[in-house]
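Engineer: Next input, structure requested:
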Amino acid sequence: MNPRRSQESLPDLIIFLIISSLPFKEAMKMSLVSKRWGSLCHKMTNIAFKESEFVKFSDDEQTKSVARASFVRYMLKWVVYFTGEEIKSFKLYLSKPVEFATEVMSLIDFTVSNHVKNLDLDFSYPSWITKTEAETRVFQLPESFYNQTNLESLKLFACGFDPSRLAKTCSLKTLSFGWIQLRDIMSLILKCPLLESQNCWDVGLEKITENNNRLRELVFKNCDFGVDYTTLDSTFRSSSTQVGFITFNS
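Structural biologist: Numbering: from 1, shown residues only. Just a heads-up that it's a prediction; the model follows:
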C-alpha cells in the first residue's frame, strides 16, 4: 500500500488528533506531509514557540542574532495562517525581545484576539543569575495584554507587568512569575487561589493579612521584597476552611 495514499485517506478528525498529540515542533514537521496536513496543523490550539529549538546559545552573538531573527519571522508567518477558532495555550520563549518589540506585541495581540486560555511568556536569558541582569531588560507588555478576559493560567518571566491593570483577574486559576518586579501584588492575591513567584524583586507584602481569605498557597523563592519588614501569620484560614501556608525560600 502506498503510505502517502494511506495518509490521505484518513479523516480530517483523525489527522488532527494525531497532530495535536505531538509536541508543537514535531507537529509542524508533519505539516510538510501535504497541503491538507499543513492546513490542519494551522488549526492547532496548543502553540509553543521556543527560541531554544532554533537558537544555539553557545554560538557567537552574530550567529545567534541571525538565528533569532529567523525564529521571529517563522512565528509571524505561522500565525498568519492560523485557522483555529481559539487558542487553549500559547507559549513564547524569546530572549532579548526588545530587539523585536513590534513583532512580539503583534504575537501577544494575536493571542488576545483568539481568546487564549493559558498564556506563557518567558523573555528571560538562560545565563541570568541575579536580578541586576534582568532589571533593565524586562519587556513591557502591550495594552492589549491587560484586556484579556479568558485567561485561566498565566506565566510571566522578565515582563514589565502591572497587576492592577489586568481586566479579569478572577478568572485566573494559576499564576507564576519569574524575573519580575511585583509591587501591587494585592490586586492579584485577593482574586487568585495560587500564586507562585520565583526570582522576583520589590514584592509588596505589607498588606497581606489574614483577611485575604481566598489565598490558599503563597510561595516566594529567591525574591526581594518592596518593604523593609512585614508581619505575617504563618498560617491562616481560607474560605473553604482549609489551612493555607506562606513559605519563604532563600
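Engineer: Helices of the protein, residue ranges please.
Structural biologist: Chain-ordered helices for the chain, with DSSP state H as the definition, fall at 3-8, 12-20, 24-30, 35-41, 61-80, 101-113, 132-135, 186-189.
Engineer: how about those helices in JSON lines, adding mean neighbour count, mean pLDDT and distance to Cys200?
Structural biologist: Backbone N, C-alpha and C define where each C-beta goes, glycine included. Below are the helices of the chain laid out as JSON lines (neighbours: other CB atoms under 10 Å; pLDDT from 0 to 100; distance: least, CB to CB, whole Å):
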{"stretch": "helix 3-8", "mean neighbour count": "10", "mean pLDDT": "52", "distance to Cys200": "48"}
{"stretch": "helix 12-20", "mean neighbour count": "15", "mean pLDDT": "77", "distance to Cys200": "34"}
{"stretch": "helix 24-30", "mean neighbour count": "16", "mean pLDDT": "75", "distance to Cys200": "28"}
{"stretch": "helix 35-41", "mean neighbour count": "17", "mean pLDDT": "78", "distance to Cys200": "37"}
{"stretch": "helix 61-80", "mean neighbour count": "14", "mean pLDDT": "93", "distance to Cys200": "26"}
{"stretch": "helix 101-113", "mean neighbour count": "17", "mean pLDDT": "95", "distance to Cys200": "21"}
{"stretch": "helix 132-135", "mean neighbour count": "14", "mean pLDDT": "79", "distance to Cys200": "10"}
{"stretch": "helix 186-189", "mean neighbour count": "18", "mean pLDDT": "71", "distance to Cys200": "12"}
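Engineer: Out of those, which is closest to Asn150?
Structural biologist: Comparison of the helices of the chain against Asn150 by CB to CB identifies helix 101-113 as nearest, at 8.9 Å.
Engineer: now the closest one, how far from the centre of its chain.
Structural biologist: A distance of 13 Å separates the centroid of the chain from that of helix 101-113, by CA atoms, centre = their mean, to the nearest Å.
Engineer: Can you list the helices and strands that that helix packs against?
Structural biologist: helix 61-80, strand 89-93 (3 or more CB pairs under 8 Å, 6 or more residues apart in numbering; DSSP states H and E).
Engineer: could you redo the last one with a cut-off of 10 Å?
Structural biologist: The elements that helix 101-113 packs onto, with contact taken as 3 or more CB pairs under 10 Å, 6 or more residues apart in numbering; DSSP states H and E, are strand 46-50, helix 61-80, strand 89-93, strand 118-122, strand 139-140.
Engineer: between it and strand 118-122, how many degrees?
Structural biologist: Helix 101-113 runs at 170 degrees relative to strand 118-122, counting by axes from the mean of the first three to the mean of the last three CA atoms, to 10 degrees.
Engineer: how many neighbours does the nearest residue to Ile180 once chain neighbours are set aside have?
Structural biologist: Nearest residue to Ile180, sequence neighbours excluded (CB to CB, 6 or more residues apart in numbering): Cys200, at 5.2 Å. By the criterion of other CB atoms under 10 Å, Cys200 has 23 neighbours.
Engineer: which non-adjacent residue is nearest Lys173?
Structural biologist: Glu152 (5.1 Å).
Engineer: That neighbour reaches Lys117, doesn't it?
Structural biologist: Yes. Using CB atoms under 10 Å, Glu152 makes contact with Lys117 at a distance of 4.9 Å.
Engineer: Please report phi then psi for the residue nearest to Lys173.
Structural biologist: Main-chain torsions, Glu152, degrees, to the nearest 10: phi -110, psi -30.
Engineer: Thanks a lot, catch you later.
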